[in-house]
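Student: build me a model:
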Amino acid sequence: MDNNRCIGIVTERDLIERTICEKRDPMTTTVGDVMSSDIKTIHPLETVEKALDVMVKNNIKKLPVCLNDDIIGIITVTDISKARPDLSKRFMDTWVRPLWED
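Tutor: Prediction:
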């Protein structure tokens, strides 16, 4: 956060790709070095389907939920798959499966 604005997020993928794969020293690498920036967020009153659309479009699996510039939660692909199994199939068909075929 910077002045109540989300400026970055660190995910497991960030840690693996930007620390382990790049062989950085985890004792000297900062959060700022590995975080993803240009964060996409969603309003809590948006639909779950809209959240999934944002995730697919931006190739992300975690989406901060913001209200008045405050992060009030994070919705994940796992959350969506539990709440809406029907959307999970669409997610698999449009995002995950093409990556497996590459």
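
Student: what residues sit buried inside stretch 40-48?
Tutor: Within stretch 40-48, the residues that count as buried by 16 or more other CB atoms under 10 Å are 40-42. Every residue, glycine included, has its C-beta placed from N, CA and C.

Student: a markdown table for these, including distance to residue 24?
Tutor: Formatted as a markdown table, the buried residues of stretch 40-48 follow (distance: CB to CB, whole Å):
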| residue | distance to residue 24 |
| --- | --- |
| 40 | 25 |
| 41 | 27 |
| 42 | 31 |
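
Student: and those, which of them are in strands?
Tutor: Members of the buried residues of stretch 40-48 lying in strands (criterion: DSSP state E): none.

Student: which one of these is nearest to residue 82?
Tutor: Distance to residue 82 across those (CB to CB) is lowest for residue 42, with 17.4 Å.

Student: for the closest one, which residues make a bridge with it?
Tutor: residue 65 (DSSP bridges).

Student: so how far is residue 56 from it?
Tutor: Shown here: residue 42 relative to residue 56, a distance of 13 Å by CB to CB, to the nearest Å.

Student: now do the contacts for the residue most central in space within the chain.
Tutor: The centroid of the chain falls nearest to residue 62 when counting by CA atoms, centre = their mean (2.6 Å). By CB atoms under 8 Å, 6 or more residues apart in numbering, the contact set of residue 62 is 9, 11, 74-77.
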